[in-house]
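> Model the structure of this input:
(chains A, B, C and D)
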2 protein chains.
Amino acid sequence: MVQALSQQGYRVTGPRRALVRLIADRKVRFTAADLEEDVASATPAVGRATVFRTLELLLSLGLVERVHTEGERRDAYVVAEGLHHHHLVCSQCGVVTEVMGCMVDDLVSSLAQAADFQVEGHWMEIVGLCSRCREAGSLE
Amino acid sequence: MVQALSQQGYRVTGPRRALVRLIADRKVRFTAADLEEDVASATPAVGRATVFRTLELLLSLGLVERVHTEGERRDAYVVAEGLHHHHLVCSQCGVVTEVMGCMVDDLVSSLAQAADFQVEGHWMEIVGLCSRCREAGSLE
DNA sequence: TTTACTGCAAACATTTTGCAGATGT
DNA sequence: ACATCTGCAAAATGTTTGCAGTAAA
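Prediction:
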């Protein structure tokens, strides 16, 4: 990620390094506030604005993605793993599993065809319990 | 809609009537701000707070739905047409077409099964050009 | 040495809330 | 009558921006 920054001509600064380190191997979605909190205990002097600006930068480079959550006010992000895909989001632990969308793409085009619609893009998200949380739940 | 309100024991007031009238046959997504603006020219004295409170009420009754839009800061809504379904949203005119989700449901369950995931819900939205906008575009 | 980047604080935009008064039922 | 609903204005959230100083390159 850091490499990607410098390759694109952006400066590799302390705050960016710190944030990227915190983001890089997150497997769960996170918000700007999450990062702000985490960076505060790791590298005290990184400001709110920088968190937002860095996220926007990473977003524009395609290194992270913004994801929606029904009923959630603030934006959430996930590390972008590859090309087009979809998310399975655990409602308990927040883990995001990615699913390549070959079948989804087919479905999308057939639905669109039926409605005489020219597809520009699509978005799909499945919410539920991941296997770990389901098992943990059934033990109680 | 008005009927649904009174049946559920909510009062049918002037502001609610005015808002429902503005919402009822919208075929495009709208935001709280849109409504606020429209209601201002129709029935001057309806406040911001009432717009939000009424939307929340209609939402809780399942009469409208909240929809996301990538990169959109404020919440948007559409009139809820039936049970579970998905949206085709025109990026040009904003018209929302609903698609019943039988095939989507199947797909969702097979994806989830592969990932050992217990589905609680899913969300899908397709963005593109509706047939009308596509035709209009090709005439230019 | 240059100019992109940063922190801070103030500005913004949207949504929520407290409250006294208006209004359906 | 009485509780629900309303407008207003203030508060709460979440994000963006202006600016003077800092630090990559």
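> Assign the residue in chain A that DNA strand C sits nearest to to helix, strand or coil.
DNA strand C sits closest to A:T50 of chain A, with a gap of 2.6 Å, by Cβ to the nearest atom of the strand. Where you see a C-beta, it was placed from the backbone N, CA and C, and this is true even at glycine. Three-state call for A:T50 (DSSP: H, G, I helix; E, B strand; the rest coil): helix.
> Quick check: the gap between it and chain B.
20 Å (Cβ to the nearest Cβ, to the nearest Å).
> Verify the stated contact: that residue with A:G14.
No. Contact status for A:T50 versus A:G14: not in contact, 10.0 Å apart, counting by Cβ atoms under 8 Å.
> Now do the longest strand seen in chain A: distance to the chain's middle.
Counting residues, the longest strand found in chain A (DSSP state E) is strand A:118-129. Chain-centre distance of strand A:118-129: 14 Å, with Cα atoms, centre = their mean, to the nearest Å.
> name the helices or strands packed onto that strand?
strand A:85-90, helix A:102-114, helix B:102-114, strand B:118-129 (3 or more Cβ pairs under 8 Å, 6 or more residues apart in numbering or on different chains; DSSP states H and E).
> what's the angle between the first one and strand A:118-129?
When you say that, I think you mean strand A:85-90. 20 degrees (axes from the mean of the first three to the mean of the last three Cα atoms, to 10 degrees).
> Does the helix or strand just after strand A:85-90 reach chain B?
Using DSSP states H and E, the next helix or strand after strand A:85-90 towards the C-terminus is strand A:96-100. Yes. On the criterion Cβ under 8 Å from any Cβ of the partner chain, strand A:96-100 is in touch with chain B at A:97, A:99.
> which parts of strand A:96-100 are buried?
Neighbour-count burial for strand A:96-100, with 16 or more other Cβ atoms under 10 Å in any protein chain shown as criterion, is recorded at A:96-97, A:99.
> Stretch A:14-26 too?
Under the neighbour-count criterion of 16+ other Cβ under 10 Å, stretch A:14-26 has A:15-16, A:18-20, A:22-23, A:26 buried.
> Write out the residues of chain A neighbouring chain B.
So chain A meets chain B at A:66, A:68, A:70-71, A:86, A:88, A:90-91, A:97, A:99, A:103-104, A:107-108, A:110-112, A:114-131, A:134 (Cβ under 8 Å from any Cβ).
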